[in-house]
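J.: 3D model of this:
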Amino acid sequence: VGEMSDALHRFRSYMWSAESLEKAKAELRSPRLNADRRKRLMYVIAQCERSLDAGWREVGTIAERDGDAAAELVAGHFLFGEDWHDLTASLGISYDKGKKVAYAAIKALDRF
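T.: Reported below is the predicted structural model:
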């Protein structure tokens, strides 16, 4: 079994943070939320936002090094949770090419 790229590991954690952030925000709107749970959700939201800030910094690096299309693919999938098929179709590129461009840009961060 091959090793996962450090950068890919980070982007998968950013994806988890984005999903957790949306769930926490939705739960925070519940009218029956007790004070302890609200406090915990605020902590989760703050942690997720810090993680996503790091993700956006890396997307900026990708944009500088690999171009806007690569950055849009990476941000769309890993930070916004878009499906690869929908994302690549919206950009007018093939599914395979889109994933290859995104993963190559992420892997390049390991060498950066």
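
J.: which helices and strands sit right next to the helix or strand containing Ala54?
T.: If you go by DSSP states H and E, Ala54 is part of helix 35-66. When contacts are defined as 3 or more Cβ pairs under 8 Å, 6 or more residues apart in numbering; DSSP states H and E, helix 35-66 sits against helix 6-28, helix 68-74, helix 95-111. Using the backbone N, CA and C atoms, a C-beta is placed for each residue, glycine as well.

J.: buried residues in the shortest one?
T.: Buried residues in helix 68-74, counted by 16 or more other Cβ atoms under 10 Å: Ala69, Ala70, Ala71, Glu72, Leu73, Val74.

J.: Give me the helices and strands touching that helix, please.
T.: Applying 3+ Cβ pairs under 8 Å, 6+ apart, we find helix 68-74 packed against helix 35-66, helix 84-91, helix 95-111.

J.: Now the shortest one: buried residues?
T.: Residues Leu87, Thr88 are the ones in helix 84-91 that count as buried (16+ other Cβ under 10 Å).
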